[in-house]
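1. Give the three-dimensional model of this entry:
(4 chains)
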Number of protein chains: 2
Amino acid sequence: MGKTETDNTTGQRLTPQREAVLQVIREREDHPTASDIFEAAKRRLPSLSYATVYNSLKYLREAGLVREISFGDCASRYDGVIDRHDHAICSVCGKLVDFDLPEAGELMRAAARMSHFKAESVHLTLTGICPDCRES
Amino acid sequence: MGKTETDNTTGQRLTPQREAVLQVIREREDHPTASDIFEAAKRRLPSLSYATVYNSLKYLREAGLVREISFGDCASRYDGVIDRHDHAICSVCGKLVDFDLPEAGELMRAAARMSHFKAESVHLTLTGICPDCRES
DNA sequence: TCTATGATTTAGAATTAGTCTAAATCTACA
DNA sequence: TGTAGATTTAGACTAATTCTAAATCATAGA
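-> Numbering: from 1, shown residues only, chains lettered A, B, ... in the order given. Model (predicted):
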């Protein structure tokens, strides 16, 4: 009784499975999909199941330890860098790159004013052509 | 021969099916998924097939008539507003609202500078709490 | 230490989104 | 008309994600 949906008083929470998933995401430079993560994490924890990866991702997302990013391809990607940043995606090769727009704070306030939302975070996506693809 | 992949010299292009899909998207206030669109468009064109909806969406997207937006739920949503704009998503109820940030032009240049991409477009997503949900 | 309880994991089934294929249709045009 | 290329259709297929039920685990209290 008196238990809320964000109850945190019982359970071990950051379990070995969840930790493995987190480490995989953090160690990678790129932004892996759930199936990339499953394969890599299974090497450390061979009994790991696919559903646990999804459960772990859900937990880690809610705990603010990873971020989910998704484009129109029905395969979310995960990002272990916690601090606020933005993404640039190449319209030619699909490469995904992180960068940080310093004026994000003002941006968030401006967006909140326009939308009448109480702001929590902003995220900017630039679509364009990456340096590598520009050469051809 | 001498035909390129973006050839536009033959074919009728904006077919009745594609037009029906476009109209469905434009008439709706919200941002429907492919399956929402399929159901609504099928009412006008009963022979319509699911694959045609995807084909049409692909064509309309490439023609710049609709925009695909996706969040972490593996079900892209479509937006029929042609002019550039941004989105605010409510972290409580999931509502998706359009708004336009006037400083998007500068923003795009700044983002291009930071990422070293050749800019094509920017899109900003604000996460927060919508006016309705703020009341509770 | 034992046990009850709730949290978590597991395997696999089920669901859902999206793509592919091949045959049928359609359109424009020679 | 005849043909070529574009498009549509139905349905199979694949991949992503969620669900379910049973097994396991960790913790707190007896």
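
2. Going by neighbour count, list what's buried in whatever helix or strand residue A:20 lives in.
-> Element membership for residue A:20 (DSSP states H and E) is helix A:16-27. Neighbour-count burial for helix A:16-27 flags A:17, A:18, A:20, A:21, A:22, A:24, A:25 (criterion: 16 or more other CB atoms under 10 Å in any protein chain shown). Backbone N, C-alpha and C define where each C-beta goes, glycine included.

3. Can it be said to contact DNA strand C?
-> Yes - judged by CB under 7 Å from any atom of the strand, helix A:16-27 and DNA strand C are in contact via A:16, A:17, A:18.

4. What ranges does chain A have for its helices?
-> A:16-27, A:34-44, A:50-62, A:104-115, A:131-134 (DSSP state H).

5. what's the distance between the third one and the middle of its chain?
-> Taking the mean of its C-alpha atoms, helix A:50-62 sits 12 Å from the chain's own mean (CA atoms, centre = their mean, to the nearest Å).

6. Report the mean confidence score over that helix.
-> The pLDDT scores in helix A:50-62 average 96.

7. check whether that helix contacts DNA strand C.
-> Yes - using CB under 7 Å from any atom of the strand, helix A:50-62 comes into contact with DNA strand C via A:50, A:51, A:52, A:55, A:56, A:59.

8. which residues are in contact with that helix?
-> A:13, A:15, A:17-18, A:21-22, A:25, A:34, A:37-38, A:41, A:66-68, A:78 (CB atoms under 8 Å, 6 or more residues apart in numbering or on different chains).

9. near chain B, from the residues you listed?
-> When CB under 8 Å from any CB of the partner chain is applied, the members of the contacts of helix A:50-62 adjacent to chain B are residue A:68.

10. follow-up on the earlier one: most neighbours of all the residues of helix A:50-62 next to DNA strand C, which one?
-> Comparing those by number of neighbours (other CB atoms under 10 Å in any protein chain shown), residue A:56 comes first, having 25 neighbours.

11. and the gap between it and DNA strand D?
-> Separation of residue A:56 from DNA strand D (CB to the nearest atom of the strand, to the nearest Å): 11 Å.

12. Name every strand pairing with the longest strand seen in chain A and say which way it goes.
-> Criterion DSSP state E: the longest strand present in chain A is strand A:118-129. Paired strands of strand A:118-129, with direction, are strand A:86-90 (parallel), strand B:118-129 (antiparallel) (DSSP bridges).

13. Centre of the chain to that strand, how far?
-> Using CA atoms, centre = their mean, the offset of strand A:118-129 from its chain centre is 13 Å.

14. picking that back up, looking at the residues of helix A:50-62 next to DNA strand C, point me to the pair that's furthest apart.
-> Farthest apart among these by CB to CB are A:50 and A:59. That separation is 15.2 Å.

15. Where does the prediction get shaky in chain A?
-> A:1-12 (pLDDT under 70).

16. residues in contact with the residue nearest to the spatial centre of chain A?
-> Central residue of chain A (CA atoms, centre = their mean): residue A:67, 2.2 Å from the mean position. For residue A:67, the contact set (CB under 8 Å, 6+ apart) comprises A:61, A:78, A:79, A:80, A:81, A:82.

17. pretty sure the last one contacts residue A:65?
-> Meaning residue A:82. Yes - look at residue A:82 against residue A:65 with CB atoms under 8 Å: they come within range, at 6.5 Å.

18. Show me which of the two is the more surrounded one.
-> More neighbours surround residue A:65 than the other of residue A:82 and residue A:65, with 17 against 11 (other CB under 10 Å).

19. what's near enough to touch that one?
-> A:22, A:80, A:82.

20. go with 7 Å
-> Taking CB atoms under 7 Å, 6 or more residues apart in numbering or on different chains, we find residue A:65 in contact with A:22, A:82.
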